[in-house]
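Engineer: What would the 3D arrangement of this be:
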Amino acid sequence: MNAGKKRGLGLSLALLAAAAPAAPAWADHDDSDEASVLVFSKTAGFRHDSIESGIAAIERLGREDGFAVESTEDSSAFTDDALARYDAVVWLSTTGDVLDPAQEAAFERYIRGGGGFFGVHAAADTEYDWPFYGELVGAYFASHPEVQPATVRVEDHEHDSTAHLPSDWPRTDEWYNFATNPRGDTHVLAVLDESSYDPGEGAMGDHPIAWCRTVDAGRAYYTGGGHTAESFTEPNFLRHLLGGIRTAAGQTPC
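Structural biologist: Below you'll find the predicted structure:
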């Protein structure tokens, strides 16, 4: 962990040791605190080969930007006291039913009380029977064509996760079609240009691929990229991830 000097990202070890479990830590964070991020990558279905690359990339972002990163596939981390240590939880290509009802209830309390959620790629293929999670992720996975190049069109040129990107951002990934369109319920940051690739039978027309929203006092961010290990070596995608982490951690607005 890198105890960076920047305001915002990374909760210091000293502060972690001093945090009192009796009160949720996220309620006490202020702008002078560094953030702490938990990367959660448990899979109960398909497992992406890119998960390890994603964890390593987020750890590297933490060292460079000055925020603490821990990673786990142990769902027992989802308790009030344990979650209180983190400003945001990154659900990195999770799949299937990964939390039990008590763990779901703890995570809902965490978000509604001011915590952050960042779903990456297959986070949309997770917890289909948990309505609150559906609200967080914004839209569930429905189908995908083969991995192929496509053009991502940036809609918000000022948000921290997209301001660095060209208006038309060409990249190769596995492009999800979603069961519903999150537009209207979320702040859409970028969309796929379906004329630039073959979306298959699940073509959406208006096809958001990155978005964010607030949920009570908490925050939620989702990006559809990250299927391939190569994604986590792309400078533009890594900077996109960093902006998503900052949003989920409450350091930049949705």
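Engineer: how about the strands in this structure?
Structural biologist: 36-40, 68-72, 88-92, 116-120, 141-143, 148-154, 168-173, 177-178, 187-193, 208-215, 218-223 (DSSP state E).
Engineer: For the ones you listed, give me CSV that also has mean pLDDT, distance to R47 and mean neighbour count.
Structural biologist: Every C-beta, even on glycine, is put in place using the N, C-alpha and C of the backbone. As requested, these are exported to CSV (pLDDT from 0 to 100; distance: least, Cβ to Cβ, whole Å; neighbours: other Cβ atoms under 10 Å):
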stretch, mean pLDDT, distance to R47, mean neighbour count
strand 36-40, 98, 14, 25
strand 68-72, 97, 15, 20
strand 88-92, 98, 11, 27
strand 116-120, 98, 14, 28
strand 141-143, 96, 15, 16
strand 148-154, 98, 22, 19
strand 168-173, 98, 17, 17
strand 177-178, 98, 21, 20
strand 187-193, 98, 24, 22
strand 208-215, 98, 22, 22
strand 218-223, 98, 19, 27
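Engineer: a markdown table for those, including distance to A248?
Structural biologist: Below are the strands of the chain laid out as a markdown table (distance: least, Cβ to Cβ, whole Å):
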| stretch | distance to A248 |
| --- | --- |
| strand 36-40 | 8 |
| strand 68-72 | 13 |
| strand 88-92 | 4 |
| strand 116-120 | 3 |
| strand 141-143 | 20 |
| strand 148-154 | 19 |
| strand 168-173 | 20 |
| strand 177-178 | 20 |
| strand 187-193 | 13 |
| strand 208-215 | 8 |
| strand 218-223 | 5 |
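Engineer: And those strands: which comes nearest T126?
Structural biologist: strand 88-92 (6.6 Å; Cβ to Cβ).
Engineer: now the angle between strand 36-40 and that closest one, please.
Structural biologist: Strand 88-92 and strand 36-40 are oriented at 30 degrees to each other (axes from the mean of the first three to the mean of the last three Cα atoms, to 10 degrees).
Engineer: And strand 88-92, how far out from the chain middle?
Structural biologist: Strand 88-92 has its C-alpha centroid displaced from the chain centroid by 5 Å (Cα atoms, centre = their mean, to the nearest Å).
Engineer: before we move on, what about stretch 120-139?
Structural biologist: Distance of stretch 120-139 from its chain centroid, counting by Cα atoms, centre = their mean, is 11 Å.
Engineer: can you give me the end-to-end distance of it?
Structural biologist: 12 Å (Cα to Cα, to the nearest Å).
Engineer: how deep is T233 tucked in, by neighbour count?
Structural biologist: 12 (other Cβ atoms under 10 Å).
Engineer: What score does it have for pLDDT?
Structural biologist: On the pLDDT scale, T233 is placed at 97.
Engineer: ok, now how distant is it from S93?
Structural biologist: The gap separating T233 from S93 is 16 Å, by Cβ to Cβ, to the nearest Å.
Engineer: same check, this time on T172
Structural biologist: In terms of Cβ to Cβ, T172 sits 17 Å off from S93.
Engineer: So which residues of this protein form helices?
Structural biologist: For the chain, helices defined by DSSP state H occupy the ranges 13-18, 51-65, 80-83, 101-112, 131-137, 235-248.
Engineer: Mind putting those helices into TSV with distance to S195 and mean neighbour count?
Structural biologist: Listed next are the helices of the chain as TSV, based on distance: least, Cβ to Cβ, whole Å; neighbours: other Cβ atoms under 10 Å:
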stretch	distance to S195	mean neighbour count
helix 13-18	49	12
helix 51-65	29	19
helix 80-83	42	16
helix 101-112	36	18
helix 131-137	26	19
helix 235-248	21	23
